[in-house]
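[1] predicted structure and sequence below. I'll ask about it afterward.
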Amino acid sequence: MKLFTSFYMAVLMVLGFAVNASANQVVTVPEDLVLKCETKEGKHLQVSRNPVTDVFTILYGEDLRKPEYSVAAAGNNIGKSFRYSAEEGVDNREIYIVAGRSMTTVGVNDQRGVITGYLYEQVEMVKTLNAECKPEKLVNHFDRDEYFENLTEVD
């Protein structure tokens with residue numbers, strides 16, 4: 001019985017060490033890519049979403065490691081507007097982030113099969129940033145409805 005108890009305690013110690021070792025590891029969760037493109041100005045635009053925290057991050061600039069413009073917000077603090085018209089041949093999907101006196105709009109527009117992406121920033125209703133994606137350099141996942149479940153519908 002002593003041998004069994006000693007063996008049992010040794011197994012628990014090893015398992016406890018394994019649990020403690022794994023608890024100290026940093027687990028990185030890959031971000032959902034919502035939009036990525038090269039703009040007509042030759043800069044980069046990227047919209048990503050953390051699937052665990054539901055935080056959307058918008059980066060814009062020549063080097064996204066040091067962006068000229070960035071904004072982040074939780075999904076429940078973001079507005080969305082998805083508009084579709086078969087008659088007009090338009091599918092427009094946008095998200096809005098309001099921070100203080102500025103509002104950031106990023107989205108995609110499908111006009112009869114030609115898909116473009118864009119980023120606008122307005123400060124007190126004056127457009128301060130206007131970037132449009134090159135259609136041929138666009139990665140678009142605005143069609144993934146599960147990314148936008150927590151956002152507020154805006155008319």
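    Received, thanks. Numbering: from 1, shown residues only.

[2] when you work out contacts or count neighbours from here on, use the C-alpha atoms and nothing else.
    Fine.

[3] phi first, then psi, for Val154.
    Per-residue torsions, Val154: phi -120, psi 130 (degrees, to the nearest 10).

[4] which SS class is Gly79?
    Three-state call for Gly79 (DSSP: H, G, I helix; E, B strand; the rest coil): strand.

[5] where's it relative to Arg101, distance?
    For Gly79, the distance to Arg101 equals 16 Å [Cα to Cα, to the nearest Å].

[6] which stretches of the chain have low pLDDT?
    In the prediction, the chain carries residues with pLDDT under 70 at positions 1-27, 29.

[7] what segments of it are strands?
    Here the chain has its strands, by DSSP state E, at 32-39, 44-49, 55-61, 69-74, 78-85, 90-99, 102-111, 114-123, 126-140, 152-153.

[8] neighbour count for Gly79 and Arg101, which is higher?
    Gly79 (19 against 9; other Cα atoms under 10 Å).

[9] isn't that one up against Val154?
    Yes - with contact defined as Cα atoms under 8 Å, Gly79 counts as touching Val154 (5.9 Å).

[10] could the strands of the chain be laid out in a markdown table, adding distance to Glu146?
    Formatted as a markdown table, these follow (distance: least, Cα to Cα, whole Å):
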| stretch | distance to Glu146 |
| --- | --- |
| strand 32-39 | 11 |
| strand 44-49 | 11 |
| strand 55-61 | 13 |
| strand 69-74 | 15 |
| strand 78-85 | 13 |
| strand 90-99 | 14 |
| strand 102-111 | 16 |
| strand 114-123 | 20 |
| strand 126-140 | 14 |
| strand 152-153 | 13 |
